[in-house]
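[1] Structure for the following, please:
(chains A and B)
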There are 2 protein chains.
Amino acid sequence: MKLATLKNGRPDGQLVVLSSDLSRCVSASRVAINLQAALDDWTRCSPALEALGRELDAGAIAGQSFDASEALAPLPRAYQWIDGSGYLSHLERVRSLKGSKDAELQSDRPLLYQGASDSLSAPHDPIVATSDELAIDLEAEIAVIIGAVPMGASRERAAAAIRLVTVCNDVSLRRLVVDDLQNGFGFFHAKPSTAFAPVVITPETLGASWSDNRLHLPVRIEVNGALFGQPNAGTDVHFDFADLIVEAARTRNLAAGTIIGGGTISNRHDETLPIKRDGIGFACIAEARTVEKLKYGRARTPFLKAGDTVRIGAVATDGRSIFGDIFQQVSIV
Amino acid sequence: MKLATLKNGRPDGQLVVLSSDLSRCVSASRVAINLQAALDDWTRCSPALEALGRELDAGAIAGQSFDASEALAPLPRAYQWIDGSGYLSHLERVRSLKGSKDAELQSDRPLLYQGASDSLSAPHDPIVATSDELAIDLEAEIAVIIGAVPMGASRERAAAAIRLVTVCNDVSLRRLVVDDLQNGFGFFHAKPSTAFAPVVITPETLGASWSDNRLHLPVRIEVNGALFGQPNAGTDVHFDFADLIVEAARTRNLAAGTIIGGGTISNRHDETLPIKRDGIGFACIAEARTVEKLKYGRARTPFLKAGDTVRIGAVATDGRSIFGDIFQQVSIV
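    Numbers count the residues shown, from 1 in each chain, chains lettered A, B, ... in the order given. Okay, here's the model as predicted:
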């Protein structure tokens, strides 16, 4: 099952079910008024949404053509956005020049931070910042939307709660990371609105691409139209989504509609930019810069400036962007 | 205007308008399906809700008796919960034994952390933790619920966005604070579900008790029925709610329904527990313990254990608990 949320002038948008090829969609309002409502009552709604998708694929209902530029984030506002850190090589690269805090703790239990979820960006929304002096960075991640998980849940229960999978861009203002961490209260200003791909897909529909609680597909990142990275989201995963959910639920319940990010995708390699057509590259600028500093003594790749564009999409084995692309341009206000 | 959310078997509960004396209430479902919906469309809903309150006070509609034990948190799940730190003496006391991180930064700009908002506790919900070895603490705070605030908002705009005021208990697991802060990613496990008083009140209705973007009333805290503190929430405020909102909106928009906590209420004094009937005392156990360590060489006041109770309420000049009391018992699961 593939779902999206379209703009309709309301904060939570219009839930639609997509055809398998993402070309067409049909309103799901007879099943649930929005995606959160469907997640609140998944046992009832999920089969009805799947039935709509089958009818659409069979041509039994016409639906309308699907325009990804009309999509909001699947949950345009959510009750919780937790970002984890599943790929240790991201932490290793980003922290290598700053001095790691506690390497053992990181490999033992995943780091999590509580992110803002009150306004999540649409796939084609601009990246809005007050200045490009803030070292604006992208972070391409896999994200899952879950059902309710009780405190102290097992890995099995955590895995079974994964309802939907997608890709997101956890935009970071690197210049503010140090301030935020120095405060001791965690990320706040350094993490403005996270953007999401237009389409969310159930693990079942992802088939062989989803196993072991991770997505086994490359995520392609372009900056200003040039290939920046295409790391495989299923490679070098130290903490999978079951691990992240178990850790998030260690001291509290998680409500239905909680979104969990898997952390900046990061594969181990010794490349620097520009990468070759079959290279791996990076899912954030900070990693590329850190590697450059170590190799050349200084960072060469600039952070994002006004007008720069970022494209992020998970690539299926047949080359399609399976969740649709995130495509954002930096706007300084 | 005074509002509450009653249990109705649905995640967002039933919005009701209260009589001035909190004795009676009337369903607001003809105006808005829940409090978030009212906040989304405040210009239309607010006058209609006020009219309901006037009719209830005048006896033009009967309504039903209001039972605070049937109340959920005003927003049982919210799109954002940001906790600030408006009272420097709280930070000074709590950090005095650990070594402050950056005292100048704290007095220049308020600290904020992004809290979990996916399930906020009802006023009479238990404080649930997995072990009372976690050093369970209360934190009595004032909280405001705001309308939408754009990035970079002025103090005036921030102040004008304050829709509703109440009291909350930002439960903390002190033993996990150090872990969380050491991770560098901020509070996560150390801050389980925050509890809210049953009633929210508009600044206009609070009258003289609300001025200069702060509540000028004592908040009374009892632990196991004994007076623990009654600091005045309007005294020793270093950052008022306009300051906190401006800081929260420095790098991003804030959506309608965002809840902002003012930080643990803390007045400057040199008391230790037990306090006299007219004493000031403390709004969290950690402060009481820190003062004891400095005075006696060791902490005497224990953290909360299974079965312990906490009562928190803001006290009006006539002695009434104006938002109703938070009354929670610790439950170890």
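[2] Next one: A:Asp137 from B:Ala78, what distance?
    Taking CB to CB, to the nearest Å as the measure, A:Asp137 falls 28 Å from B:Ala78. The C-beta positions use only the backbone N, C-alpha and C, and glycine is treated the same way.
[3] Who has more neighbours out of those two?
    B:Ala78 (30 against 26; other CB atoms under 10 Å in any protein chain shown).
[4] In contact with the closest residue to that one other than its chain neighbours, which residues?
    Leaving aside its sequence neighbours, B:Ala78 sits nearest to B:Ser117 (CB to CB, 6 or more residues apart in numbering or on different chains; 4.2 Å). Applying CB atoms under 8 Å, 6 or more residues apart in numbering or on different chains, we find B:Ser117 in contact with A:Tyr79, A:Gln80, A:Ser117, B:Leu75, B:Arg77, B:Ala78, B:Tyr79, B:Gln80, B:Trp81, B:Ile259.
[5] Now with 6 Å, please.
    B:Ala78, B:Gln80, B:Trp81 (CB atoms under 6 Å, 6 or more residues apart in numbering or on different chains).
[6] ok, now how distant is the second one from B:Asn8?
    The reference is to B:Gln80. Relative to B:Asn8, and taking CB to CB, B:Gln80 is found at 23 Å.
[7] Pick out whichever of the two has more residues nearby.
    For B:Gln80 versus B:Asn8, neighbours defined as other CB under 10 Å are more numerous around B:Gln80 (26 against 15).
[8] mind checking how far that one is from B:Asn232?
    Distance from B:Gln80 to B:Asn232, by CB to CB: 27 Å.
[9] and the residue of the stretch 201-333 of chain A nearest chain B?
    Residue of the stretch 201-333 of chain A nearest chain B, by CB to the nearest CB: A:Ala255 (3.7 Å).
[10] pretty sure that residue contacts A:Tyr79?
    Yes - contact criterion CB atoms under 6 Å: A:Ala255 and A:Tyr79 qualify, at 5.4 Å.
[11] Which neighbours do those two have in common?
    B:Arg77, B:Asp118.
[12] Check the gap between A:Leu49 and chain B for me.
    19 Å (CB to the nearest CB, to the nearest Å).
[13] One more: A:Glu133?
    A:Glu133 is 12 Å from chain B, by CB to the nearest CB.
[14] count of neighbours near that residue?
    Neighbour tally, A:Glu133, other CB under 10 Å: 12.
[15] With the one 10 residues further on instead?
    For A:Ala143, the neighbour count with other CB under 10 Å is 28.
[16] roughly how far apart are it and A:His269?
    Taking CB to CB, one finds A:Ala143 at 24 Å from A:His269.
[17] Report the contact partners of A:Ser121.
    A:Ser193, A:Ala195 are the contacts of A:Ser121 under CB under 6 Å, 6+ apart.
[18] hang on, A:Gly313 packs against A:Gly319?
    No - contact criterion CB under 6 Å: A:Gly313 and A:Gly319 do not qualify, at 10.6 Å.
[19] These two: which has the busier surroundings?
    A:Gly313 (24 against 7).
[20] Just the element for the more buried one, please.
    strand A:309-314 (DSSP states H and E).
[21] who touches that strand?
    By CB under 6 Å, 6+ apart, the list of residues contacting strand A:309-314 reads A:138, A:140, A:167, A:169, A:217, A:219-224, A:321-323, A:325-329.
[22] Let me see the contact set for the residue nearest to A:Phe185 when sequence neighbours are not counted.
    Closest residue in space to A:Phe185, ignoring its immediate chain neighbours: B:Tyr113 at 4.1 Å, by CB to CB, 6+ apart. When contacts are counted by CB under 6 Å, 6+ apart, B:Tyr113 touches A:Phe185, A:Gly186, B:Asp83, B:Gly186, B:Phe187.
[23] Quick one: neighbours of A:Ala140, just the number.
    28.
[24] May I have the secondary structure class of the residue of the stretch 151-300 of chain A found nearest chain B?
    In the stretch 151-300 of chain A, the residue that lies nearest chain B is A:Gly186 (1.3 Å; CB to the nearest CB). Of the three states, A:Gly186 takes coil according to DSSP: H, G, I helix; E, B strand; the rest coil.
[25] On the pLDDT front, check A:Leu88 for me.
    pLDDT recorded at A:Leu88 is 87.
[26] Measure how buried the closest residue in space to it that isn't next to it in sequence is and give me the count.
    Excluding its sequence neighbours, the residue lying closest to A:Leu88 (CB to CB, 6+ apart) is A:His238, at 4.5 Å. For A:His238, the neighbour count with other CB under 10 Å is 17.
[27] Please apply the same query to A:Glu156.
    Neighbours of A:Glu156 using other CB under 10 Å come to 10.
[28] That one: what secondary structure?
    Under three-state DSSP, A:Glu156 comes out as helix.
[29] how about a markdown table for the contacts of B:Ser117, with secondary structure and pLDDT added?
    As requested, the contacts of B:Ser117 are exported to a markdown table (DSSP: H, G, I helix; E, B strand; the rest coil; pLDDT from 0 to 100):
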| residue | secondary structure | pLDDT |
| --- | --- | --- |
| B:Ala78 | coil | 98 |
| B:Gln80 | coil | 98 |
| B:Trp81 | strand | 98 |
